[in-house]
Structure formats: structure tokens, C-alpha cells
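*Asks:* sequence and computational prediction follow.
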Protein chains: 2
Amino acid sequence: MAHINLPEGFPGISGGFTYRPETAKPMRELAHVLLHQPNSLTPAERELIATYVSSKNECHFCQSSHGAAAACHLGDASVVEEVKADYLTAPVSNKLKALLGIAGKVQQDGKLVTAADVEAARKQGATDVEIHDTVLIAAAFCMFNRYVDGLGTWQPRDPAMYAQMGKHLAEMGYKEPSIKQPVEAVHSS
Amino acid sequence: MAHINLPEGFPGISGGFTYRPETAKPMRELAHVLLHQPNSLTPAERELIATYVSSKNECHFCQSSHGAAAACHLGDASVVEEVKADYLTAPVSNKLKALLGIAGKVQQDGKLVTAADVEAARKQGATDVEIHDTVLIAAAFCMFNRYVDGLGTWQPRDPAMYAQMGKHLAEMGYKEPSIKQPVEAVHSS
């Protein structure tokens, strides 16, 4: 049960978003700009950064929903699991590997990012905006993950629910709720 | 020097905000709702939560600017220093102490917040919205702090600059930039 009286049947962040629309609006908008709007990083690359950071923060809801969005963009769920397990050996570009290295440092503490980390990403072709957005995606997921976990939200274990949510996020983005009605708590903890 | 080519003379988060207005807009709006709009928690209480979390994340720019905003609301800078040093002995209400306890756990990991922490805050009169907003302020500053530090932004050491910024934030809130022009790098590192 959530720590406060969140509306029932709204998993993860949708519980907090439904409870407090005033804060949901800018949080949705930030996710939409960072993950969905046109960018020289593909939506799949940006969802992989979000998933990796959420996985390091051990947030079940966020790593599952954004992992499903990444899998939908890629048409392949295995890459997502490989990035989470060890991004250095995963079948992604060297540029994305360098950016994931920066994201992993930001997840711990922004001060850990060094000029050498940034130079390494530039050598693989990363632009300043891509480095900026990587830092901010990693920082933002340190917020989203803590919000979802800190409220004790309902985080179902049913992979089918996340697959459906990921498809909606990949196709529609983040401006509008992906879950507008309470969902059934079937197969979930 | 910042890790990427941020505009010169814009300290801390104003560097990132000036560089990337598309993400600045929702980030400003979130801060404005959480810290400045009418709320049963006073602006001073909310700025103290933001300052405390930023201090635990060792973000010089954020703890100095929000600490100055809190001091401006309170008309007293000593309370800010006492909260940062040991909030349990600081001259703040028992309700705020319970909420700072929750914020400190969210700063580490949202999953550390327990039903007992939330119950303790309720016993001191905290409402569900106040608990929600405390969790989200703490989570949001884990984003702002990482963004400011992860970009390697310029973080001046001049207390007078932060006092001026804190006054602007306390009076005007977060929707509009507190720094619209490059500032002089006098007395700063």
C-alpha cells in the first residue's frame, strides 16, 4: 500500500500524477522533451539511458516501463536486458556506451563526471546537446525513481502491463497520461 | 570550466537553463509549484527541505541559493545553518523535523521511506499533500543538484551573489529567470 492515499489502480508514477496534477504537468513535459521530441539521439537511445539509470536506482516501475518503451522502439527486448546487465558488452554504439558511462556517474553524484568522460564521449561523436541531455535524463530519472519509490506506489509485476505501457509511451510520448483509468491488479504484487 | 559550452557568466543552474530553454521551462515550473505557490507548508519550510537535500548532495550552488531564499523568508540565516548541521536540534517545528527525516531518506533512496516515518509525520500534523510534496521536493533536488554538478557549471563562492539571488527567488519565485544577464566573476572561484 502506498504511504499516502493515492488513487487506487494507478501503477507507479501514474499514482502520484493522478494525485497531484499541478506537479504532474511539468514532470510530464520534461519527460516529453527529453525522451520523445526530435533529437539527434534516437528515442531508443534516450529510453535506454532512462532504463539504465532506473535500473541502477533499482526502481522496478521505471526500469520496466522505460525498458518496454526502449524495446518497442528497437523491436527487440534483448538489447535492453544486455544494457542493464553490462552496457560495455551490449550491442549498442560506442557513442551510447560513452554516454551511458556519464549517466552512470550522474546517477551516483554529478561531481563524479570528469572532463575525460566528456572528452571520451565527444571522441565517439557526441555533441554538446547530447551530453547535456544525457546528464539531464540521468538526473531526471534520479527524481522520477525517488518519487515512485518514496511514495511507496503500487508497482505491478505483470510484464504484459509494462509492454502495453511501453508501446503507448513509445508511440505517444509523455504529455498525456498513458493510464487514464484504474487498471486491474491481476498477476501483480 | 563547464563540461560543455554553456554561456559564460551564468552561475549554476542558470547556465543549463540558458543553454537549453526547452528543458528549463518545465524545470522552472516544477520548482515554482513546489516551492513558491500557496501551500500549507510555508515557503520557508519548503526552501529548508530543498536546502537540506542539496546540502546532503553537497551541491554548493543549490544549497547556497535555496539557503539564501529560506533565510530571506525567515529573516534569519542562522536557522538554515542549524538545519544543515543537525535538523533534530534546530529551532524548527516537530512536523518539519519529521518531514526532513523523510526528505533525507528520499535523498538516499526512496525505498528507505517506511510506513513508520510517514506515521510519525502524520502524528506531528503533516497532511498527505505535505508528505507528497516533501517526497517530491527531495526527489526534485536530487535532479537539480545532479544537473548543476554533472554539467560542471560555474558555482561562485561569493555569498553576496547568493543573498541577492535568494531574495529574488523568495520574492518572485521560479517561473522567470533570476539571472537574465551574465554576472561578473568577482570574488568567485
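*Replies:* It's in.
*Asks:* what sits up against the strand or helix carrying A:R46?
*Replies:* Under the criterion DSSP states H and E, the helix or strand holding A:R46 is helix A:43-56. The contact list for helix A:43-56, computed with CB atoms under 8 Å, 6 or more residues apart in numbering or on different chains, reads A:34-36, A:39, A:62-63, A:66-67, A:69-70, A:73-74, A:79-80, A:83-84, A:87, A:92, A:96, A:99-100, A:103-104, A:106-107, A:133-134, A:137-138, A:141-142, A:144-145, A:170. Where C-beta positions appear, they are placed from N, C-alpha and C, glycine not excepted.
*Asks:* if we go to 7 Å?
*Replies:* With contacts defined as CB atoms under 7 Å, 6 or more residues apart in numbering or on different chains, helix A:43-56 is touched by A:34-36, A:39, A:62-63, A:66-67, A:69-70, A:73-74, A:80, A:83-84, A:87, A:92, A:96, A:99-100, A:103-104, A:107, A:134, A:137-138, A:141-142, A:145, A:170.
*Asks:* before we move on, what about stretch A:76-84?
*Replies:* A:L48, A:T51, A:Y52, A:S55, A:G67, A:A70, A:A71, A:A90, A:P91, A:V92.
*Asks:* farthest pair in those residues?
*Replies:* Across the contacts of stretch A:76-84, the longest distance by CB to CB is 17.3 Å; it joins A:S55 and A:P91.
*Asks:* where in chain A is pLDDT low?
*Replies:* The model of chain A has pLDDT under 70 over residues A:185-189.
*Asks:* the longest helix in it is where?
*Replies:* helix A:128-150 (DSSP state H).
*Asks:* can you tell me the closest non-neighbouring residue to the most centrally placed residue in chain A?
*Replies:* Nearest to the geometric centre of chain A sits A:A50, at 3.2 Å (CA atoms, centre = their mean). Once flanking residues are discounted, A:A50 sits nearest to A:H66: 4.4 Å by CB to CB, 6 or more residues apart in numbering or on different chains.
*Asks:* which SSE is that neighbour in?
*Replies:* helix A:60-74.
*Asks:* hang on, the earlier thing: against chain B, how distant is the residue nearest to the centre of chain A?
*Replies:* Distance of A:A50 to chain B, computed by CB to the nearest CB, to the nearest Å: 13 Å.
*Asks:* now swap in A:H60 and tell me
*Replies:* The gap separating A:H60 from chain B is 10 Å, by CB to the nearest CB.
*Asks:* burial measure for the residue lying closest to A:G104 once chain neighbours are set aside, as a count.
*Replies:* Distance criterion CB to CB, 6+ apart; nearest residue to A:G104, sequence neighbours excluded, is A:K56 at 6.4 Å. A:K56: 18 surrounding residues under other CB atoms under 10 Å in any protein chain shown.
*Asks:* swap in the one 4 residues further on?
*Replies:* Residue neighbour count, defined by other CB under 10 Å, stands at 19 for A:H60.
*Asks:* spit out the contact partners of it.
*Replies:* A:Q155.
*Asks:* ramachandran coordinates for A:N39?
*Replies:* phi -160, psi 150 (degrees, to the nearest 10).
*Asks:* how near is it to A:E45?
*Replies:* Using CB to CB, to the nearest Å, we find A:N39 at a distance of 9 Å from A:E45.
*Asks:* A:T134 and A:A103: what is the separation?
*Replies:* 6 Å.
*Asks:* so which of those two has more stuff around it?
*Replies:* A:T134 (29 against 26).
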